[in-house]
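[1] Sequence plus predicted model, see below.
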Amino acid sequence: MAGLEGLQREARVGGNGVVRALVAPDSRLPTRVAALLWRRAWSGDTLDPTALRCLLRWQDADAPEPGLACSP
C-alpha cells in the first residue's frame with residue numbers, strides 16, 4: 001500500500017485541488033494490483049511503478065470530462 005500511496009501523490013490534481021487517484025484494497029480482484037482509467041487498465045501481481053507512471057501519463061487523455069472539477 002505504501003508504494004501505491006507514493007504513486008498516488010504523483011497523480012494529477014483536479015481543478016478543485018484534489019488528487020485524481022484513489023488507492024483502495026479490494027480482495028475480489030484477480031490480481032494483487034490494478035489501475036483503471038477511461039479506456040485503459042493495468043493489473044499485475046507485483047507493484048510496477050514504471051507501468052503505473054506510464055498509465056498516469058494517460059490520465060484524462062480520453063475521458064469524456066478532461067479537467068473535471070468535482071467538489072471534494
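    Looks like it came in fine. Numbering: from 1, shown residues only.
[2] going forward, measure contacts between C-alpha atoms and count neighbours the same way
    Will do.
[3] is it true that Glu5 touches Ala21?
    No - using Cα atoms under 8 Å, Glu5 is not in contact with Ala21, being 9.4 Å away.
[4] mind listing the helices for this protein?
    2-8, 49-57 (DSSP state H).
[5] could you give the mean pLDDT of the shortest one?
    Averaging pLDDT along helix 2-8 gives 88.
[6] mind listing what's buried in it?
    By 16 or more other Cα atoms under 10 Å, the buried positions in helix 2-8 come out as 4, 7-8.
[7] same thing with the longest one?
    Taking 16+ other Cα under 10 Å as the basis for neighbour counts, the residues of helix 49-57 that come out buried are 52, 55-56.
[8] Alpha carbons of stretch 6-22, in PDB - could you do that?
    C-alpha atoms of stretch 6-22 as PDB (Å, rounded to 0.1, in the frame of the first residue of the first chain):
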ATOM      1  CA  GLY A   6       3.500   7.100  -3.100                       C
ATOM      2  CA  LEU A   7       2.400   6.800  -6.800                       C
ATOM      3  CA  GLN A   8      -0.900   8.300  -5.900                       C
ATOM      4  CA  ARG A   9       0.900  11.500  -4.800                       C
ATOM      5  CA  GLU A  10       2.300  11.700  -8.400                       C
ATOM      6  CA  ALA A  11      -1.200  11.700 -10.000                       C
ATOM      7  CA  ARG A  12      -2.700  14.800 -11.500                       C
ATOM      8  CA  VAL A  13      -4.600  17.300  -9.300                       C
ATOM      9  CA  GLY A  14      -8.000  18.300 -10.500                       C
ATOM     10  CA  GLY A  15      -9.200  21.900 -10.800                       C
ATOM     11  CA  ASN A  16     -10.500  21.600  -7.200                       C
ATOM     12  CA  GLY A  17      -7.100  20.800  -5.800                       C
ATOM     13  CA  VAL A  18      -7.900  17.100  -5.200                       C
ATOM     14  CA  VAL A  19      -5.500  14.400  -6.400                       C
ATOM     15  CA  ARG A  20      -7.300  12.400  -9.100                       C
ATOM     16  CA  ALA A  21      -6.300   9.000  -8.000                       C
ATOM     17  CA  LEU A  22      -7.700   6.600  -5.400                       C
END
